[in-house]
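Enquirer: predicted model and sequence below, questions to follow.
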Amino acid sequence: MPETYVVAGANLAGGTAAATLRGDGFEGRVVLVGEEPVAPYERPPLSKEFLRGEAPFEKALIRPPDFWDANQIECRFGSRVARIDVGSRQAILDDGEAIRYDKVLVATGLRNRTLGVPGAHLGGVHTLRTVADAEAIRAHAAGATRAVVVGMGFIGAEVAASLRLCGLEVVAVEPLPAPCYRALGPQIGAVVAAIHADHGVKMHLGESVDAFEGGDRVERVVTGSGMRIDCDVVVVGVGASPVTDLLEDEGVHLENGIVVDEHCRTNIDGVYAAGDVANHLHPLVGHHIRVEHWQNAMKQGAAAAKAMLGSTEPYDEVHWFWSDQYDANIQSAGHVSDWANPVIRGDLESRSFVAFYLRDGWIEGAVALNRGRDLRRCIALMKSKAVVDPAKLADPDTDVRSALATV
Ligand SMILES: Cc1cc2nc3c(=O)[nH]c(=O)nc-3n(C[C@H](O)[C@H](O)[C@H](O)COP(=O)(O)OP(=O)(O)OC[C@H]3O[C@@H](n4cnc5c(N)ncnc54)[C@H](O)[C@@H]3O)c2cc1C
């Protein structure tokens with residue numbers, strides 16, 4: 001029998017991992033199993049150009065359609081790994097097929113949370129994760145005039161922007177004090193709130209949802225404070241949970257996802273994890289961290305494949321993500337532990353700035369609005385934890401790469 005590597009979860013992390021196994025010369029069997037009935041694709045367009053009908057699905061595929069066959073990657077799209085039996089080293093599919101593996105990578109991503117309130121099952125109440133979800137929202141939005149977005153995290157905020165750009169009236173209900181509050185902090189969250197307000201989104205911040213009402217289809221949203229908001233379509237974006245059921249009771253350490261070391265290895269020999277589902281011991285951050293970012297899924301998927309092939313390089317990328325809302329491009333890098341007193345390059349009013357968050361003199365995290373180049377340029381400084389000069393960081397005429405403090 002050839003050596004067999006199974007990848008459970010066939011999207012960005014899993015697909016990239018399978019491609020990397022082949023790209024790096026693995027000659028054994030590679031089996032890529034994915035619950036969705038389509039080849040691996042990028043999710044970011046689902047809340048942006050794909051939702052607005054501006055780009056076809058094919059543009060989102062991570063590899064050309066013939067790539068998988070051409071690279072002898074056995075694809076089981078539309079198949080779920082029901083269980084991984086780590087004792088007998090078998091991946092058991094939902095149709096009962098058992099695939100014996102030498103190593104397995106779990107890249108099963110996330111499952112959307114839903115709101116456990118009356119009416120959550122009504123037609124027209126959506127969540128967004130897959131291309132099928134995006135198609136359903138698009139179909140409902142096409143005949144609608146009024147949308148409610150519940151939850152203004154990144155996905156909710158991007159959907160609100162896209163639906164506004166498609167001409168719908170949009171009302172947003174968000175329990176926290178600002179959109180994208182957890183990821184961007186209060187100060188920049190307020191800037192994002194102002195951008196949505198300028199585009200006509202009516203926002204109810206600090207507000208929750210108690211019920212959805214209607215016949216077969218949703219007709220109104222009832223909030224915690226008793227407001228009744230009429231609508232034709234609802235998109236709920238209230239977060240997601242890691243998909244770990246296939247490893248339950250197998251002795252794999254599960255805590256906020258699948259716990260892995262800096263090489264994407266779990267505590268069980270031959271079992272690896274990567275992408276949104278992986279709670280990774282990040283050498284730079286100094287503790288386990290699980291993120292839900294495109295860049296991490298792609299790069300960590302590749303790193304996990306290399307680790308399966310024997311690489312001893314730890315995965316230590318500085319985390320980075322972006323979000324597009326209207327013409328606002330938001331980028332963020334690193335991890336901010338304290339949102340107080342950022343060093344600002346540019347200015348918040350003009351909506352072109354980078355906010356740098358320092359810790360012990362080095363840049364722990366940064367958030368940019370319409371100034372992504374400056375942010376990307378400081379990533380090497382973040383990785384080296386070099387002590388920087390705040391005055392140089394703030395000075396728009398100084399290249400951020402030369403913002404090192406002089407000693
Ligand atoms: C609408 C949307 C917009 C986004 N926009 C951005 C953005 O602008 N910027 C950014 O940085 N990030 C963005 N992201 C996040 C980014 O897309 C994710 O971080 C990335 O897709 C994670 O990849 P993954 O492969 O780890 O997980 P996923 O993409 O979730 O893929 C996991 C796959 O595993 C499958 N699966 C689950 N269980 C099983 C099983 N038991 N057996 C077989 N298959 C299984 C799932 O069906 C799924 O296809 C966005 C995400 C969404 C949903």
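Expert: Looks like it arrived, so ask away. Numbering: from 1, shown residues only.
Enquirer: do a quick rundown of the helices in the stretch 301-407 of the chain.
Expert: Ranges of helices in the stretch 301-407 of the chain, per DSSP state H, counting those that start in this stretch, are 372-377, 379-384, 390-394.
Enquirer: can I get stretch 132-151 in CSV? Just the C-alpha atoms.
Expert: As requested, C-alpha coordinates have been extracted for stretch 132-151 and formatted as CSV (Å, rounded to 0.1, in the frame of the first residue of the first chain):
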residue,chain,number,x,y,z
ALA,A,132,-25.0,27.9,-1.3
ASP,A,133,-25.7,30.4,1.5
ALA,A,134,-24.6,33.3,-0.6
GLU,A,135,-26.7,32.1,-3.5
ALA,A,136,-29.8,31.9,-1.2
ILE,A,137,-29.2,35.4,0.2
ARG,A,138,-28.7,36.8,-3.4
ALA,A,139,-32.0,35.1,-4.5
HIS,A,140,-34.0,36.5,-1.6
ALA,A,141,-32.4,40.0,-1.8
ALA,A,142,-33.2,40.2,-5.5
GLY,A,143,-36.9,40.6,-4.7
ALA,A,144,-36.5,42.5,-1.5
THR,A,145,-36.4,46.1,-0.5
ARG,A,146,-35.6,46.0,3.2
ALA,A,147,-32.9,43.9,4.9
VAL,A,148,-32.0,43.5,8.5
VAL,A,149,-28.4,42.4,9.4
VAL,A,150,-28.1,40.9,12.8
GLY,A,151,-24.5,41.2,14.1
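Enquirer: pLDDT of that stretch, averaged?
Expert: Averaging pLDDT along stretch 132-151 gives 97.
Enquirer: could you list the buried residues of it?
Expert: Neighbour counts over stretch 132-151 (16 or more other CB atoms under 10 Å) mark 133-134, 136-138, 140-141, 144, 146-151 as buried. The C-beta positions use only the backbone N, C-alpha and C, and glycine is treated the same way.
Enquirer: one more: stretch 382-389?
Expert: Neighbour-count burial for stretch 382-389 flags 382-383, 387-389 (criterion: 16+ other CB under 10 Å).
Enquirer: stretch 100-117 too?
Expert: Result for stretch 100-117 [16+ other CB under 10 Å]: buried residues 101, 103-110, 112, 115, 117.
Enquirer: so which of these reach the ligand?
Expert: Near the ligand, judged by CB under 6 Å from any ligand atom, the entries from these are 107-110.
Enquirer: now the residues you listed in CSV, with pLDDT and secondary structure?
Expert: CSV is the format used below for these (pLDDT from 0 to 100; DSSP: H, G, I helix; E, B strand; the rest coil):
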residue, pLDDT, secondary structure
A107, 99, coil
T108, 99, coil
G109, 98, coil
L110, 98, strand
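Enquirer: I'd guessed R111 sits against S241; true?
Expert: Yes: applying CB atoms under 8 Å, one finds R111 in contact with S241, separated by 5.6 Å.
Enquirer: helices of the stretch 151-300 of the chain, start to end?
Expert: 154-165, 181-198, 294-308.
Enquirer: kindly reformat those as JSON lines containing mean pLDDT.
Expert: Formatted as JSON lines, the helices of the stretch 151-300 of the chain follow (pLDDT from 0 to 100):
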{"stretch": "helix 154-165", "mean pLDDT": "98"}
{"stretch": "helix 181-198", "mean pLDDT": "97"}
{"stretch": "helix 294-308", "mean pLDDT": "98"}
